[in-house]
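J.: for reference, the sequence and a predicted model appear below.
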Amino acid sequence: MQVGFLGGAREVGRIGVTVKSEKTQVVCDYGVMLDNQPGFPMHIPPKEVDAVILTHSHLDHSGAIPIFYINDKKPLYTNKLNLELTQLLVQDFIHLSSYYLPFEYLELKTMMHSNRHLDFGVEETLGDMKFKLLNAGHTPGSAQVLIEADGKRILYTGDFNMEDSKLLAGASMDYGDLDAVVMESTYADADHTERSELEKQFVEACTNVVETGGTVLVPAFGVGRSQEMATILAAHHFDHPVILDGMAREASRVIMNYKEFLKDPKLFMNAMHSAEWVEGWQDRRRALKTPGVIISTAGMLKGGPAAFYISKLGKKANNAVFLVSYQIPGTPGRELMEKGVCTIDGQVRKIKAQYRHFDFSSHCGASKLKEALIRLGGKPKVFVVHGAEGNCELFANWAKTELGLDAVAPRTGETYQI
């Protein structure tokens, strides 16, 4: 068995992993890097690929998959919830991209029609390869991939989170003995605040702002984070207006049809029904007039309705901006966190509203990554991916020195024999 790295090696973004047995080759994820212009993984001739397996909808994992559907119809294995959320994000990506993309809506449509829905824990056979998807606890529907071929077993974790959140149950960690693991390392250098403590701090901070007549803007990723924030507020009986805007609305509508992927469907539905959904500019202006919490995309303040809201709310000291998603260096959200300024209408302005970052990550923190590796059965070869600023090397080094495992931080274009 061979494993190859097309992207996501020593970086976060454009991840693509190939697994090849004697007779079959699959690609696990094929994402984009969203810098000023989209970056793609290394090319692989579609005729050499038997299937694509998708772990979850975020564009750094899904954004380049339509490339496989330009002249071909490869089977795409994922569950229907992932598929529909991916359609939303890729559609938006095509719509907003001012750069030439190697695919259009037609390829996305072909991709949608090529889906083979796969529930968690159900084994699928493809040529001389068997694989199944397991809950990853990262976003609704997110999966890890367990592949068996040539007498070897390999796990690709995708992005995963072992801890429960209000929205999702933590990742399933029951794999049996493994020969190799491809593991993410996004937070190999940091731990997250304990979830229940963080939730309490967030709800208290929102309550303080709203009860003194202010409005809280919560810029959040449309898939996963927005729904989690609304669910947290509902769970803590927050009894002030909660407004939902941007892609969070469409994503929430999709998730409402697949409640079986959620930890507490009743709580989620309660959160969705008690929130006010913005349907147009009139609603947007109205939302600014009443103290409450506005949950809106984009999570890093890079466009979307959140950019409009901050231009209005940022001018007054009684309002607040609570960032709850990871802020990539160079984004308006990161600028706000570090310098207290935000680019509004092309001008850099000081934000008078209070601003804070709450680390609601849907990835494992450093100690959970270590725990995951310690819990794995067998003595697997470890490939560390999906980490920036030296995190892949850092975690591979830890696995080698502390656990005595054969661990590497591969580079793009490298292949290894298992």
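T.: Nice, I can see it. Numbering: from 1, shown residues only.

J.: contacts only, for the spatially most central residue of the chain.
T.: With distances taken as C-alpha atoms, centre = their mean, the residue of the chain nearest its centroid is residue 58 (4.7 Å). By C-beta atoms under 8 Å, 6 or more residues apart in numbering, the contact list for residue 58 reads 31, 89, 139, 159, 221, 223. All C-beta atoms are positioned from the backbone trio N, CA, C, and that covers glycine.

J.: direction included, what does whichever strand or helix holds residue 244 pair against?
T.: Secondary structure from DSSP states H and E places residue 244 in strand 242-245. With DSSP bridges as the test, strand 242-245 is paired with strand 276-277 (parallel), strand 293-296 (parallel).

J.: just the residues contacting that strand, thanks.
T.: 226, 230, 233-234, 252, 271, 274-278, 284, 287, 292-297, 305-306, 309.

J.: cool, and stretch 246-254?
T.: 81, 84-85, 88-89, 92, 220, 222-224, 226-227, 230, 244, 272, 277-278, 295-298, 304-306.

J.: does residue 201 count as helix, strand or coil?
T.: Following DSSP: H, G, I helix; E, B strand; the rest coil, we place residue 201 in the helix state.

J.: break this structure down into its structural domains.
T.: For the chain, the structural domains run 2-190+362-417, 195-357, going by automatic domain parsing.

J.: end to end, how far does the first one reach?
T.: Which is domain 2-190+362-417. 5 Å (C-alpha to C-alpha, to the nearest Å).

J.: state the distance from the residue nearest to the centre of the chain to residue 186.
T.: Separation of residue 58 from residue 186 (C-beta to C-beta, to the nearest Å): 12 Å.

J.: spit out the residues that contact the two alike.
T.: Common neighbours of residue 58 and residue 186 (C-beta under 8 Å, 6+ apart) are residue 159.

J.: what are the ranges of the helices in the stretch 151-300 of the chain?
T.: In the stretch 151-300 of the chain, the helices defined using DSSP state H, counting those that start in this stretch lie at 195-211, 225-235, 247-256, 265-274, 281-287.

J.: got the ones you listed as a markdown table, with mean pLDDT and mean neighbour count columns?
T.: As requested, the helices of the stretch 151-300 of the chain are exported to a markdown table (pLDDT from 0 to 100; neighbours: other C-beta atoms under 10 Å):
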| stretch | mean pLDDT | mean neighbour count |
| --- | --- | --- |
| helix 195-211 | 97 | 16 |
| helix 225-235 | 97 | 25 |
| helix 247-256 | 96 | 21 |
| helix 265-274 | 97 | 16 |
| helix 281-287 | 94 | 14 |
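
J.: so which bits of stretch 30-43 are buried?
T.: 30, 31, 32, 33, 34, 38, 39, 40, 41 (16 or more other C-beta atoms under 10 Å).

J.: from the chain's centre, how far out does the helix or strand in which residue 19 is found sit?
T.: Residue 19 is part of strand 16-20, with elements assigned from DSSP H and E. For strand 16-20, the separation from the chain centroid amounts to 20 Å (computed by C-alpha atoms, centre = their mean, to the nearest Å).

J.: kindly report the same for stretch 59-77.
T.: 18 Å.

J.: can you give me the end-to-end distance of that stretch?
T.: 17 Å.

J.: one more: stretch 146-153?
T.: 7 Å.

J.: stretch 216-227 now?
T.: So stretch 216-227: terminal residues 16 Å apart, C-alpha to C-alpha.

J.: what pairs with the strand holding residue 19, and is each one parallel or antiparallel?
T.: Strand 16-20 has these strand partners (DSSP bridges): strand 2-7 (antiparallel), strand 25-30 (antiparallel).

J.: what's next to that strand, contact-wise?
T.: By C-beta under 8 Å, 6+ apart, strand 16-20 touches 1-8, 25-31, 41-42, 44, 49, 64, 129, 147, 149, 154, 156, 182, 385, 415.

J.: show me which of these are buried.
T.: 1, 3-8, 25-31, 41, 44, 49, 64, 129, 147, 149, 154, 156, 182, 385.

J.: quick one: name whatever helix or strand follows the helix or strand bottoming out on mean pLDDT in the chain.
T.: Least confident helix or strand of the chain, by mean pLDDT, DSSP states H and E, is strand 341-344 with a mean of 82. Note on strand 341-344: by DSSP H and E, the next helix or strand toward the C-terminus is strand 347-350.

J.: buried stuff in stretch 84-104?
T.: So for stretch 84-104, counting by 16+ other C-beta under 10 Å, buried means 84, 85, 86, 87, 88, 89, 90, 92, 93, 94, 101, 103.

J.: identify, from those residues, the entry nearest to residue 318.
T.: residue 92 (32.9 Å; C-beta to C-beta).

J.: phi, psi of the closest one?
T.: Dihedral pair for residue 92: phi -60, psi -40, per degrees, to the nearest 10.

J.: check residue 41 too.
T.: Dihedral angles (degrees, to the nearest 10) for residue 41: phi -70, psi 170.
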